[in-house]
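Novice: task: produce atomic coordinates for the following.
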Amino acid sequence: MADSLELSLRQMMKKFGIIFLLQTTCILVIIVVNYITCILLDSLRYSLSFYNVKVFSFGFYVVNSMMAASCIMTLFMERFRGSLLPIQLSVKLILHCHALFVCLFILVGLFTSGNALLYTFCIYVYNTSLTLNLLATGLAQIPRVGKYFNNEHLWIYIHCICQLPNILLYGYVAYSVVIITIPLLGLLGPTQNPDIYMLLLGFLINLLVTCFLIPVYQLFSGAKFIYKLYPFTMVVLFVIAVSNIGFPFNKQHPQKFFIRHTSRDFYTNEMKEYNDSGYFIFPMDRRLYASSNLVENFSMVSNIQTIFFGVVDCLFKFQKEQEFCITPILYPEEFSMGLHFFEGPTPKEVYPKLRIHKLKEFIKNNLTKSYEFNIEGPHVILMIIIPSWNSRLIKWNLDPPISEIPDLASPYIVHLSYADKQLNHTLELEFEKNPVSDESVTIEIILIGHYFEVEKDFNPEFTTFLENFPDYVLIRSWTSKVVTNEYK
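Specialist: Below you'll find the model as predicted:
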């Protein structure tokens, strides 16, 4: 090739380096555009826009990034047209470079997973098109039949026809994966972004299929039309995401909530200081904005508090300005969820009552302090132990012992579950004080009890509250109780 173009080896390598950089840039653009799309939709609360109409996943994460890569390639080839090889040779080299990228991807896959063989089909197809093109070039030298193969555009037709099996196979596999996985993505909960998985699928489709077609597009005279079409495509996709077309929930695909009618009592040295009650709404889907719009339309509540917090951000210490921090969580992962709180009436008294009583408190020496408590309540209790900053928990009578739990740090979260309907447990705790500190050791213990079997005892106000949700909402509701006690 270098001899036919009268180029030195150095010049040829320089032009090849530019073409290699071009293809590398296009692959990076595909990754970046898909990632930006994923993060943008999630930050605007429009994730799961493909949940109801599954074909939209290809629009958001295949067509979008494919057109972005086409724009970059068109711009790149126009800018460096004088530094590149003739257009047809440049496109051929781009295709060769991409085949090398896929081969490297397959080699990495062989060492990391057993699915690498699925990716090799596109290489077989590409090698088939190369073989047929070499055969056509040879036949063009034969006098009698050469006139049928002496066409400089013949290789384009052969390449595109050979890509049809590639498109059909990976299109079928991708659509099958979408049909199977999208219903599962709706079960990931609010702490994971399901669009990440569609991002990975879109990248694979672009890598194995569309990147073998994007360079060929540069051979057509209307290649610049992509500049005008891409913004229009972006607008269409955004309109789909924000409109009812992209709304993911219906009766077949409901929006899920945990709703807990909760009363909370705050104590200091077992003397009640404050109590309140209301409804805590835990959204179980990533698309949180829908729940926000949902609850803000209720005129029956006087105070709505939207809460987003983590374990570290919420100090658990009872303060008037942080009264919504102590929430009736069922498992620790719920700390990272966004939830809504409504002031409401106190739920009906439920039994067994949730309470903690200090039986003993004694100091072994200047650095250790021990407690003994009696805990009563329902058979499912989440307990959170928060010692003061100058101490740490070194022993308890729970299983396993603290010495067998690596990297245990405050706050100490324990899930107590008993088969009986009533829990009665004696808790023993021992704390070690930091010798540098002169302050005394204080602890705060939070008990969160869940009563799952009392639906018949719901308040009429709570029942009315639940009935106000639309028919595409699936609700799991129960009564819970929070008791927090600070021992000084």
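
Novice: can you report how many residues neighbour Ile18?
Specialist: 17 (other CB atoms under 10 Å). C-betas here are computed from N, CA, C, even on glycine.

Novice: scratch that, Val436 is what I was asking about
Specialist: Quick note: Val436 (other CB under 10 Å) scores 6 neighbours.

Novice: kindly report the same for the one 3 residues further on.
Specialist: When counting by other CB under 10 Å, one arrives at 11 neighbours for Glu439.

Novice: so it sits against Asn390, correct?
Specialist: Yes: counting by CB atoms under 8 Å, Glu439 does reach Asn390; the two are 5.5 Å apart.

Novice: Ile161: which element?
Specialist: Here Ile161, judged by DSSP states H and E, is contained in helix 154-185.

Novice: return the set of buried residues in that helix.
Specialist: 154-156, 158-159, 162-163, 166-167, 169-170, 173-174, 177-178, 181-182, 185 (16 or more other CB atoms under 10 Å).

Novice: and it, how far out from the chain's middle?
Specialist: 25 Å (CA atoms, centre = their mean, to the nearest Å).

Novice: packing partners of the next helix or strand after it?
Specialist: Remark: after helix 154-185, the chain's next helix or strand is helix 195-208, criterion DSSP H and E. Applying 3 or more CB pairs under 8 Å, 6 or more residues apart in numbering; DSSP states H and E, we find helix 195-208 packed against helix 9-43, helix 56-58, helix 64-79, helix 87-112, helix 154-185.

Novice: deepest of those, which one?
Specialist: Highest mean neighbour count of these: helix 56-58, a mean of 22 (counted as mean count of other CB atoms under 10 Å).

Novice: pLDDT on that one, on average?
Specialist: The average pLDDT for helix 56-58 rounds to 84.

Novice: what does it contact?
Specialist: Ser49, Phe50, Ala174, Val178, Ile182, Met198, Leu201, Gly202, Ile205, Ile240, Gly246 (CB atoms under 8 Å, 6 or more residues apart in numbering).

Novice: how about stretch 235-249?
Specialist: 41, 46, 48-53, 56, 59-60, 64, 186, 255, 285, 287, 290, 472-473.

Novice: 6 Å instead?
Specialist: Tyr46, Leu48, Ser49, Tyr51, Asn52, Gly59, Phe60, Gln255, Tyr472 (CB atoms under 6 Å, 6 or more residues apart in numbering).

Novice: picking up where we left off before, okay if I get the helices and strands packed on helix 195-208 as JSON lines plus distance to Lys421?
Specialist: Compiled in JSON lines, those are given as follows (distance: least, CB to CB, whole Å):
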{"stretch": "helix 9-43", "distance to Lys421": "41"}
{"stretch": "helix 56-58", "distance to Lys421": "46"}
{"stretch": "helix 64-79", "distance to Lys421": "54"}
{"stretch": "helix 87-112", "distance to Lys421": "49"}
{"stretch": "helix 154-185", "distance to Lys421": "34"}
